[in-house]
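Novice: coords please:
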Amino acid sequence: MSLGQKVAANLPLLRRYARALTGSQEAGDGLVRTTLEAALADAAFKNEDGNIRIALYRVFHGVWSDTAAHEAPAERDNDNPQVGGAQRSLATTTPRNRQALLLTTVEEFSSEQAGQIMGLSTSDIDALVAEAIAEIEREQATQVLVIEDEPMISMQIEDLVLSLGHTVCGTATTRDEAVEVAKRNPPGLVLADIQLADGSSGMDAVDDIMHFAEVPVIFITAYPERLLTGDREEPTYLVTKPFDEKTVQAAISQALFFQSGVPVGS
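Specialist: Predicted coordinates:
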């Protein structure tokens, strides 16, 4: 397999990570494009004979760190509620612990591999992950709508949501049911499967909900790469089935992190 083919195979996963880290499809995909440009100009990357995915994420982190370090206050987008809220959060919170958490949960790197990506020791990564988990435990609670047609998975998600201190405002197995529940009891977060019981789509259900409520959404799917092409409007947060509970926990925390300045649960 050529270098180009190896890079292409890992792009969907890098897009997932970039979107979760920035809270935006547009911003995340923009950083991925810059990462590809930087990688093509990097002789060491082109001669990489080890783990291409680690090398690609390492280049991404160089781009991310450089972008964050050079962002001037005047460039902050205060007119866009979502982006403005994300920037305010990043201005007051140390993002490295969340990077370490996302790398070791959502992206499933080991602490050693995450350390190679971030230029840190394994013990440093473990300490950052512990910090991030402590932050999660201090997060303000919100109401969560679960859209999932498989009863056992729905129950697993509900139990996890409750264990994190949130409440479940309702569950749904179809598009119409999800919209009805959201209208009756507006959620502060939505966890949605892609394919629902009656053949309807969780993405369509979310689109309907977004017409009357702006709320962060985490999609759960067995095929995340199909939704991470960068060619159209796509989910910002994706969790792969079958999932580890720590992965869902990290995704929930990151989605709530990018609230638009409105207190979670208000």
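
Novice: worst-scoring helix or strand of the protein, pLDDT-wise?
Specialist: helix 81-92 (a mean of 44; mean pLDDT, DSSP states H and E).

Novice: could I get the helix or strand that that helix is followed by in CSV with only the CA atoms?
Specialist: Next helix or strand after helix 81-92 toward the C-terminus (DSSP states H and E): helix 96-104. What follows is helix 96-104, C-alpha atoms only, in CSV (Å, rounded to 0.1, in the frame of the first residue of the first chain):
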residue,chain,number,x,y,z
ARG,A,96,-4.4,19.3,26.5
ASN,A,97,-6.2,17.1,29.0
ARG,A,98,-9.1,16.8,26.6
GLN,A,99,-6.8,16.0,23.8
ALA,A,100,-5.3,13.2,25.8
LEU,A,101,-8.7,11.9,26.8
LEU,A,102,-10.1,11.9,23.2
LEU,A,103,-6.9,10.2,21.9
THR,A,104,-7.1,7.4,24.5
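
Novice: who does helix 96-104 touch, helix- and strand-wise?
Specialist: With contacts defined as 3 or more C-beta pairs under 8 Å, 6 or more residues apart in numbering; DSSP states H and E, the packing partners of helix 96-104 are helix 3-22, helix 52-70, helix 111-118, helix 122-138, helix 245-257. In short, each C-beta sits where N, CA and C put it, glycine included.

Novice: now the strands for the stretch 101-250 of the chain?
Specialist: 143-147, 167-172, 189-193, 217-221, 237-240 (DSSP state E, counting those that start in this stretch).

Novice: and the contacts of the shortest one?
Specialist: To tie it back to what came earlier, the one meant is strand 237-240. Strand 237-240 has contacts (C-beta atoms under 8 Å, 6 or more residues apart in numbering) with 16, 19-20, 106, 216-222, 224, 227-228, 247-248, 251, 254-255.

Novice: now swap in the third one and tell me
Specialist: By C-beta under 8 Å, 6+ apart, the surrounding residues in contact with strand 189-193 are 142-150, 153, 157, 161, 166, 178, 182, 202-203, 205-206, 209, 215-221, 248, 252, 255-256.

Novice: swap the cut-off to 6 Å and go again
Specialist: 142, 144-148, 157, 202, 206, 215-220 (C-beta atoms under 6 Å, 6 or more residues apart in numbering).

Novice: of all the residues you listed, which two lie farthest apart?
Specialist: Among the contacts of strand 189-193, the pair separated by the greatest distance (C-beta to C-beta) is 142 and 202, at 19.2 Å.
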